[in-house]
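Peer 1: Sequence and computational prediction follow.
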Amino acid sequence: MPGSFDPLIRVWLALRAKWVDFQSRYKNLIALGLLFAVARLLAALFTQMTFAGYGPAFGQFVTQGQFAVSGAYPFIDYWVEYPPMFPWLAVVAYRLSLLLPPWPEQPILWFGTWLRWVIVPFEVGALMLVYAIGRRFHSDHDALRGTLWYAVAFATLYVPLGWFDALPMFWLLLTLYFILRDQAGWAGVAAGLGLLAKPISVLALPAAWQRWPATRSRLTLLAATLLAVAVPMLPLIIASPQMSLAYLQNLLARSSWETVWAFLDGYYSFGAVAPLEQRFDPTTATWQAHIGSYGIWVTLGFGWLGLYLWTRQIDWRDARRTAAFVGLTWCLFSVWSKGYSPQWAINFVPFVALLMPNLRGAIYLSLIGLALVGEWPVAFTLATTQTWFFVAIIVWRTLLFVLLAFELGSMALTSQPRRLWQNIYGAAIVALMVSGGLMGWNFIQGYFRSRLDNEPLRAAIRALQQEATPHTGLICREIAVCERIAPFTPGLEPYWLPTPDGWQAERLSAFTQQHPVVWLVEEFDEESGHNLTIEGYLSERYGKESQTWVEGTRLSRFVTLDLPPAQPAEALFGCCLRLTSYALRAEDHFITLSLTWHALERLTTSYKIFVHVYDPAGDLVAQNDQLPGGGFQPTEQWAIGQTVSDVHGLILPEAVEPGYVLQIGWYDPNTGQRLTVAGSGAEVIEIVVP
């Protein structure tokens with residue numbers, strides 16, 4: 001009895017020793033894998049909670065899960081454009097989501113989270129495979145660096161949060177891993193199972209065929225591949241041969257999309273198949289978005305090229321060159337394919353990270369990320385009015401993949417690419433970066449133009465653009481108005497003033513001290529018209545220089561110079577309008593003038609006051625004609641004995657010399673008749689500005 005546990009203890013100690021050794025050798029990889037896995041799990045939940053519908057086909061995946069509750073399953077009751085692995089994972093994710101109470105604000109919260117979580121093991125597996133493959137031809141340091149490149153690449157982050165392409169990529173990498181380990185049977189199993197996710201894992205088989213010249217290995221590879229496909233598919237085929245056949249029919253009949261081949265067909269949109277609700281009818285599998293001319297000559301051309309490259313004298317026992325050839329095969333496939341989807345970009349990432357764990361690889365990964373985002377979502381959302389950008393980004397992306405094909409081809413076909421070709425590739429990368437920058441700049445300009453063309457405030461914005469100078473500010477009562485105007489008027493600094501008694505009003509003086517001229521924009525509202533509360537508030541404190549209407553939008557300009565203490569004045573216009581004091585400040589070519597009036601009698605006419613500015617030569621250079629108080633204190637509303645403060649703003653031409661004169665007077669806007677100054681008979685009083 002005392003020694004009965006000795007074998008278990010020895011096993012435990014042996015396992016513990018292996019774990020300690022493994023942890024010591026791969027502690028950095030373990031830490032990276034842990035961080036990567038946790039980040040993916042948390043990102044899945046976060047993305048679903050904040051961007052519930054992220055991913056173009058996300059709604060379709062939900063419906064597939066919901067169909068299962070009615071007893072309808074993919075490849076049995078309806079056909080799907082994808083192989084069966086992911087549609088059935090969507091069903092599993094939906095079943096798991098039913099175990100948790102729904103969240104009313106996000107009805108598909110748990111389904112979307114589970115759908116991403118079921119892919120996480122394959123994502124982590126792909127990360128580990130990148131390292132394991134890298135160890136076949138790199139030092140541990142370079143293999144780990146390539147793995148880090150893979151982990152932080154944008155496509156690796158972006159694609160799995162909206163699509164399932166990390167799943168087929170895992171099988172492709174697993175196939176390559178077993179090829180490099182010379183395990184033909186397991187390589188075939190991985191390739192066959194990968195076919196059930198997407199038919200890209202078989203792209204590694206040509207390299208495997210050449211690596212193993214022995215007939216036994218090749219037969220093992222083929223047999224394992226066929227069995228791995230047939231065993232899972234057989235129950236589906238037996239249950240519903242029509243729906244299984246419909247998948248193949250759809251795969252062969254699908255028309256071109258998002259490629260240069262689609263452009264030759266005159267098609268400029270994404271890939272489309274029959275709606276999910278119609279797929280209970282297998283005849284809909286052959287529905288096409290358009291009739292294409294993608295001919296056999298394209299396939300023959302790429303087939304000849306692939307055969308030529310495949311039969312070159314390559315050292316297939318060199319793991320690095322074998323991996324490069326698989327990457328080359330994927331590049332050629334993606335360029336040959338009549339259809340392409342943005343999420344395919346993730347399949348380029350491991351080959352770049354594995355074979356170029358350096359600055360060159362980092363640049364390639366960055367360009368791949370830009371191509372991915374440029375195609376989706378930019379081309380399909382922000383650039384919908386710019387067809388040229390859709391064409392340009394796809395041509396640019398195609399050239400990027402052609403360049404990658406040359407790079408990987410050089411690695412596969414030669415043990416050490418010539419320096420000349422390295423320089424040519426470097427120049428091509430620079431050309432892609434420059435052309436991509438130009439495309440981005442033109443896109444941004446086009447985006448601005450299209451948004452302005454569709455902006456209800458476009459006429460007002462164009463008027464304000466003429467005044468977008470560093471000393472000009474923009475005040476809005478509605479913050480949304482500022483947000484819509486600000487991008488088009490970078491010279492106008494915005495300021496939000498929703499009410500005259502909030503904390504924004506307390507800080508208004510600091511803003512106006514930095515901006516001697518401000519525009520107030522009041523958008524017309526169908527229900528309430530114009531709310532002039534803020535304009536009245538500003539008119540009491542600052543000098544209104546002008547007011548214009550642009551397609552229903554009210555634009556009021558103010559000069560906001562702080563005024564010095566008032567100086568006494570004595571002038572009586574007509575019978576009743578006595579000027580008692582004034583305050584004037586002139587700075588650069590801005591003038592603020594405050595006039596204090598006293599009403600001696602009740603007036604029945606609404607007079608306008610004018611302030612005209614004449615240069616030393618006697619020429620009129622600026623004027624301000626308006627009702628008192630910026631239009632808010634008409635004289636017919638003045639009470640007997642009322643004192644009114646009236647502020648005016650003027651903007652002079654830049655070339656006006658000092659020594660100009662201000663002339664102030666009143667007139668009846670209906671008749672044009674001016675009031676005279678008592679005791680002088682003059683129609684104006686003058687203030688000389690030295």
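Peer 2: Ah, there it is. Numbering: from 1, shown residues only.
Peer 1: going forward, measure contacts and count neighbours with C-alpha atoms only.
Peer 2: Will do.
Peer 1: what ranges do the helices span in the stretch 451-600 of the chain?
Peer 2: 458-465, 479-485, 503-506, 508-514, 533-541 (DSSP state H, counting those that start in this stretch).
Peer 1: Next: the stretch 151-300 of the chain.
Peer 2: For the stretch 151-300 of the chain, the helices defined by DSSP H, counting those that start in this stretch cover 154-158, 166-180, 184-195, 205-211, 215-239, 241-253, 260-264, 296-310.
Peer 1: So for residue 640, which of the ones you listed sits nearest?
Peer 2: Residue 640 lies closest to helix 154-158 among the helices of the stretch 151-300 of the chain, at 73.1 Å (CA to CA).
Peer 1: Kindly export the closest one (C-alpha atoms) in CSV.
Peer 2: In CSV, the C-alpha atoms belonging to helix 154-158 read as follows (Å, rounded to 0.1, in the frame of the first residue of the first chain):
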residue,chain,number,x,y,z
PHE,A,154,-4.9,45.7,-38.0
ALA,A,155,-6.5,43.0,-40.2
THR,A,156,-5.9,40.5,-37.5
LEU,A,157,-7.9,42.7,-35.1
TYR,A,158,-10.5,44.0,-37.5
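Peer 1: surely residue 626 meets residue 609?
Peer 2: Yes - applying CA atoms under 8 Å, one finds residue 626 in contact with residue 609, separated by 5.7 Å.
Peer 1: picking up where we left off before, in JSON lines, list the helices of the stretch 151-300 of the chain along with distance to residue 644.
Peer 2: Converted to JSON lines, those look like this (distance: least, CA to CA, whole Å):
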{"stretch": "helix 154-158", "distance to residue 644": "64"}
{"stretch": "helix 166-180", "distance to residue 644": "74"}
{"stretch": "helix 184-195", "distance to residue 644": "85"}
{"stretch": "helix 205-211", "distance to residue 644": "91"}
{"stretch": "helix 215-239", "distance to residue 644": "89"}
{"stretch": "helix 241-253", "distance to residue 644": "81"}
{"stretch": "helix 260-264", "distance to residue 644": "71"}
{"stretch": "helix 296-310", "distance to residue 644": "84"}
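Peer 1: I'd like to know which of those lies nearest to residue 529.
Peer 2: Once the helices of the stretch 151-300 of the chain are compared by CA to CA, helix 154-158 is nearest, at 45.7 Å.
Peer 1: closest one to residue 390 among the helices of the stretch 151-300 of the chain?
Peer 2: helix 260-264 (10.4 Å).
Peer 1: Show me what that closest one is packed up against.
Peer 2: helix 387-413 (3 or more CA pairs under 8 Å, 6 or more residues apart in numbering; DSSP states H and E).
Peer 1: buried ones in stretch 61-68?
Peer 2: Of the residues in stretch 61-68, 61, 62, 64, 65, 66, 67, 68 count as buried by neighbour count, 16 or more other CA atoms under 10 Å.
Peer 1: Closest one of those residues to residue 137?
Peer 2: Nearest member of the buried residues of stretch 61-68 to residue 137, counting by CA to CA, is residue 61, at 39.6 Å.
Peer 1: which residues touch the residue nearest to the closest one when sequence neighbours are not counted?
Peer 2: Spatial nearest neighbour of residue 61, chain neighbours left out: residue 90 (6.1 Å); criterion: CA to CA, 6 or more residues apart in numbering. Counting by CA atoms under 8 Å, 6 or more residues apart in numbering, residue 90 makes contact with 61, 62, 64, 65, 115.
Peer 1: element containing residue 90?
Peer 2: Assigned by DSSP states H and E, residue 90 belongs to helix 85-97.
Peer 1: Residue 361 now?
Peer 2: helix 359-373.
Peer 1: for that helix, which positions count as buried?
Peer 2: Neighbour-count burial for helix 359-373 [16+ other CA under 10 Å]: 361-373.
Peer 1: ditto for stretch 575-594
Peer 2: Buried residues in stretch 575-594, counted by 16+ other CA under 10 Å: 576-584, 586, 590-594.
Peer 1: Could you pull up the mean pLDDT of stretch 315-327?
Peer 2: For stretch 315-327, mean pLDDT is 95.
Peer 1: Kindly format the C-alpha coordinates of that stretch as CSV.
Peer 2: Provided in CSV are the C-alpha atoms of stretch 315-327 (Å, rounded to 0.1, in the frame of the first residue of the first chain):
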residue,chain,number,x,y,z
ASP,A,315,14.4,23.3,-52.7
TRP,A,316,11.1,22.1,-51.3
ARG,A,317,12.8,20.8,-48.2
ASP,A,318,13.6,24.4,-47.3
ALA,A,319,10.7,25.3,-44.9
ARG,A,320,11.0,29.0,-45.6
ARG,A,321,10.7,28.6,-49.3
THR,A,322,7.8,26.2,-48.9
ALA,A,323,5.9,28.7,-46.8
ALA,A,324,6.7,31.4,-49.3
PHE,A,325,5.3,29.3,-52.1
VAL,A,326,2.0,28.8,-50.2
GLY,A,327,1.8,32.5,-49.6
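Peer 1: With residue 642 as the reference, measure out to residue 259.
Peer 2: 77 Å (CA to CA, to the nearest Å).
Peer 1: typo on my end, residue 33
Peer 2: 80 Å.
Peer 1: Now do the same contact list for residue 83.
Peer 2: 195, 196, 197, 198, 247.
Peer 1: what's the neighbour count on the nearest residue to the fourth one once chain neighbours are set aside?
Peer 2: Spelled out, that is residue 198. Residue nearest to residue 198 in three dimensions, not counting chain neighbours: residue 168, with 5.5 Å by CA to CA, 6+ apart. Neighbourhood size, residue 168 [other CA atoms under 10 Å]: 25.
Peer 1: Could you verify my assumption that residue 168 touches residue 193?
Peer 2: No - at 9.1 Å, residue 168 does not count as touching residue 193 under the criterion of CA under 8 Å.
Peer 1: Which residues are in contact with each of the two?
Peer 2: In contact with both residue 168 and residue 193: no residue, using CA under 8 Å, 6+ apart.
Peer 1: Do I have it right that residue 562 meets residue 583?
Peer 2: No - assessed by CA under 8 Å, residue 562 is found out of contact with residue 583, at 9.9 Å.
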